[in-house]
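Asks: Got a sequence here, can you model it:
(one chain, ligands or ions: 1)
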Amino acid sequence: MTRLFSILPTLFLLPFISHVFAADEPVAIDVEIIKFKFMPQETTIKAGDKVRRINKEKRQYHSVWFEKLGEPEPDYLFPGDTYERVFEKAGDFPYRCGPHPEMTGTVHVQ
Ligand SMILES: [Cu+2]
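Replies: Residues are numbered from 1 along each chain as shown. The predicted model follows:
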C-alpha cells in the first residue's frame, strides 16, 4: 500500500510532463520588441527553428504581422507577452507591426 502511494503522484503527473516536453521545442532566437523596434531587426535561422518575440515595452502594445503571407493580423502583444513561430521553409519572411507600419523586420530562413 505504501508503495502504491509513492507511485500515484508520478502517474498523475505523466500526461502533464509529456505535454510539456512536446510543446517545449527549443527557441532558436529571441527578438525583443523595445522602443518601437524589433531587435535585432534581421534574423537568420535554419528551417525548423523557432523564433520568439517578446514585448519588452513598459506600456506599449505591438503585433507581429506577416502581412505579405496574406495572413490576418494576429492579436496584440502587451508588455511581457510573447509570440512564437516555427519556420519550416527556406526563404525571406518580412513582417511588420500592425499599429506601427514603420516597425519592420525580416526572418531569413536557410
Ligand atoms: Cu508596434
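
Asks: Kindly confirm my reading that residue 68 is in a helix.
Replies: Yes: secondary structure assignment places residue 68 in a helix (DSSP: H, G, I helix; E, B strand; the rest coil).

Asks: does it really touch residue 94, like I thought?
Replies: Yes: applying CB atoms under 8 Å, one finds residue 68 in contact with residue 94, separated by 5.7 Å. Using the backbone N, CA and C atoms, a C-beta is placed for each residue, glycine as well.

Asks: and stretch 97-110, which residues are buried?
Replies: Neighbour-count burial for stretch 97-110 flags 97, 98, 103, 105, 107, 109 (criterion: 16 or more other CB atoms under 10 Å).

Asks: cool, and stretch 60-77?
Replies: So stretch 60-77, judged by 16+ other CB under 10 Å, has buried residues 60, 61, 62, 63, 64, 65, 66, 76, 77.

Asks: any idea how far the spatially most central residue of the chain is from residue 67?
Replies: Within the chain, the residue whose C-alpha comes closest to the C-alpha centroid is residue 84; the distance, by CA atoms, centre = their mean, is 1.3 Å. Using CB to CB, to the nearest Å, residue 84 is found at 18 Å from residue 67.

Asks: Same question for residue 81.
Replies: From residue 81 to residue 67 the distance is 19 Å (CB to CB).

Asks: Could you do residue 99 as well?
Replies: On the measure of CB to CB, residue 99 and residue 67 end up 13 Å apart.

Asks: Can you tell me which residues in this protein are near the ion?
Replies: Counting by CB under 5 Å from the ion, the residues of the chain close to the ion are 62, 97, 100, 103.

Asks: tell me the contacts of the third one?
Replies: This points to residue 100. 36, 62 (CB atoms under 8 Å, 6 or more residues apart in numbering).
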